[in-house]
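>>> Could you look at this predicted model? Sequence included:
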Amino acid sequence: MSVDKVRSVHGIAQLSERMRAAGMRVTPQRQAIVRHLVGDRTHPTVEAVHAAVAAIMPTVSLKTVYQTVHDLESLGEVRLLDVGTGSVRVDPNVEHPHHHLVCARCGAVRDVTPSVVADVTAHDQRAFVIETIEVVFRGHCATCAPQSPSTPSTRPTPIN
């Protein structure tokens, strides 16, 4: 499996124009949220985005962050993920189909390109119209793998 090279959220100026065109307000808080997401490929939780933005703009509310990421999702700029880590994650990779690697220890989320799933979807498409596919691989990232209880012979090769 190879990790996707992804486009991040568009820049602030372009997104501001798209938001205005869609009838959405463009506030300093929303701009700070977008500024934080530009270039972020870590699939941050909404709470982590809030904490980072609140550090520089203490008046931003968690509700504003949630509303902004939902608005970005409606514009097709991000996807909101529930990968079983207890928090909604923001995924900027909306251009390419992909799956996710989730570390069971630290909760890190990484993109991975699809491979075998393409054959399954081609077969199943005749009997069922597939609109989206979500595959989550669970294991341990390269940092956490040495701490996992796996024996060296069963430990998977870390994906970087």
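The structure has been received and is ready for your questions. Every value quoted in this text rests on a predicted model; they were computed, and no experiment measured them.
>>> so how far is the longest helix along the chain off the chain centroid?
Determined from DSSP state H, the single longest helix within the chain is helix 62-74. Distance of helix 62-74 from the chain centroid (CA atoms, centre = their mean, to the nearest Å) equals 14 Å.
>>> mind listing what's buried in the helix or strand just after it?
From helix 62-74 onward toward the C-terminus, using DSSP states H and E, the following helix or strand is strand 79-81. The neighbour-count check on strand 79-81 (16 or more other CB atoms under 10 Å) flags Arg79, Leu81 as buried. Quick note: C-beta positions are derived from backbone N, CA and C, even for glycine.
>>> Sheet partners, orientation included, of strand 79-81?
strand 89-91 (antiparallel) (DSSP bridges).
>>> continuing past the partner strand, what's the next helix or strand?
Next element after strand 89-91 (DSSP H and E): strand 99-103.
>>> Check which helices and strands that next one is in contact with.
strand 109-112, strand 136-139 (3 or more CB pairs under 8 Å, 6 or more residues apart in numbering; DSSP states H and E).
>>> quick one on the thing from earlier: can you list the buried residues in the longest helix of the chain?
Thr64, Val65, Tyr66, Gln67, Thr68, Val69, Asp71, Leu72.
>>> possible to save those as JSON lines with distance to Thr27 and pLDDT?
Output for the buried residues of helix 62-74, formatted as JSON lines (distance: CB to CB, whole Å; pLDDT from 0 to 100):
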{"residue": "Thr64", "distance to Thr27": "8", "pLDDT": "96"}
{"residue": "Val65", "distance to Thr27": "12", "pLDDT": "97"}
{"residue": "Tyr66", "distance to Thr27": "14", "pLDDT": "96"}
{"residue": "Gln67", "distance to Thr27": "10", "pLDDT": "96"}
{"residue": "Thr68", "distance to Thr27": "9", "pLDDT": "95"}
{"residue": "Val69", "distance to Thr27": "14", "pLDDT": "95"}
{"residue": "Asp71", "distance to Thr27": "11", "pLDDT": "95"}
{"residue": "Leu72", "distance to Thr27": "14", "pLDDT": "93"}
